[in-house]
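S.K.: Just to be clear, the model below is a prediction. Sequence and coordinates:
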Amino acid sequence: MYVRSFLILFLASYCLGTFYDFVVNKDEEARKILTDPRGTDTDMFSKMKSVGDSFELLTKYLRLKNASLMTDSRKLYDRGTPVLLTEVFSTDNLRVYFNWLESDVHYFNYVYNDVLNKWDTFQKVFKNCSMFM
C-alpha cells in the first residue's frame, strides 16, 4: 500500500515539481478553502489528507533511514507547521457553506487532527533521524 501511495505522490510531485512543492501546494490550497470556503468539501478533505499522507510517508522513509526524501523533509521541517494548521478559520462558516450535519463536523475534526498528529510525528522523527543522516 505504501509503495502505491509513494508512486502516486511521486508522480503528482513530479508533475508539479518537487515533493516539497506538492505538499506546500496542497497545504496552501487547503488553507484557502478553510478561510474562504469554495468548491466542495470533498476537495478540501482530499487536499488535507494529501498533506497528512505526505507527512506520514516522509515519516516512514525517515524511520527506514531512507535518505531519498531527506532534502524535501528538511525543507518541510524548516518551513514549519503547515499553514492549514496555523490559519484561523471558522468551523461554523464551513458548516454553513458546505451544509454540514454534525457528523460532517466530526469528520472534519477527525481529518484535521489526523493531519496535526502526522505533522507532530514527522517533526519528532525528523529531529531524531536528522542527527544520524
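M.R.: Received it, and whenever you're ready, just let me know what you need. Please read these numbers as outputs of a predicted model, since none were measured by experiment.
S.K.: Residue 72 against residue 55, yeah?
M.R.: No: using Cβ atoms under 8 Å, residue 72 makes no contact with residue 55, being 11.1 Å away. All C-beta spots, glycine's among them, are computed from the backbone N, C-alpha and C.
S.K.: Who has more neighbours out of these two?
M.R.: residue 55 (25 against 20; other Cβ atoms under 10 Å).
S.K.: Tell me the confidence at residue 13?
M.R.: In this model, residue 13 is scored at 51, pLDDT.
S.K.: quick one: secondary structure of residue 39?
M.R.: Following DSSP: H, G, I helix; E, B strand; the rest coil, the label given to residue 39 is coil.
S.K.: Around it, count how many other residues there are.
M.R.: 13.
S.K.: Ok, residue 92 next?
M.R.: Residue 92 - counted by other Cβ under 10 Å - has 10 other residues nearby.
S.K.: if I read this right, residue 26 contacts residue 45, doesn't it?
M.R.: No: Residue 26 lies out of contact with residue 45 (Cβ under 8 Å); the separation is 11.5 Å.
S.K.: Which one's more surrounded, the two?
M.R.: residue 26 (25 against 18).
S.K.: Which neighbours do residue 72 and residue 55 have in common?
M.R.: Contact criterion Cβ atoms under 8 Å, 6 or more residues apart in numbering; residues shared by residue 72 and residue 55: residue 23.
S.K.: Which neighbouring elements make contact with the helix ranked longest in the chain?
M.R.: Identified as the longest helix of the chain according to DSSP state H is helix 102-130. With contacts taken as 3 or more Cβ pairs under 8 Å, 6 or more residues apart in numbering; DSSP states H and E, helix 102-130 sits against helix 41-63, helix 70-79, helix 83-86, helix 91-98.
S.K.: how many other residues sit next to the nearest residue to residue 38 once chain neighbours are set aside?
M.R.: In this structure, residue 38 finds its nearest non-sequential neighbour in residue 32, 7.7 Å apart by Cβ to Cβ, 6 or more residues apart in numbering. Per other Cβ under 10 Å, the neighbour tally for residue 32 reads 17.
S.K.: Point me to the residue sitting closest to the centre of the chain.
M.R.: Compute the mean C-alpha point of the chain, and by Cα atoms, centre = their mean the closest residue is residue 51, 1.5 Å away.
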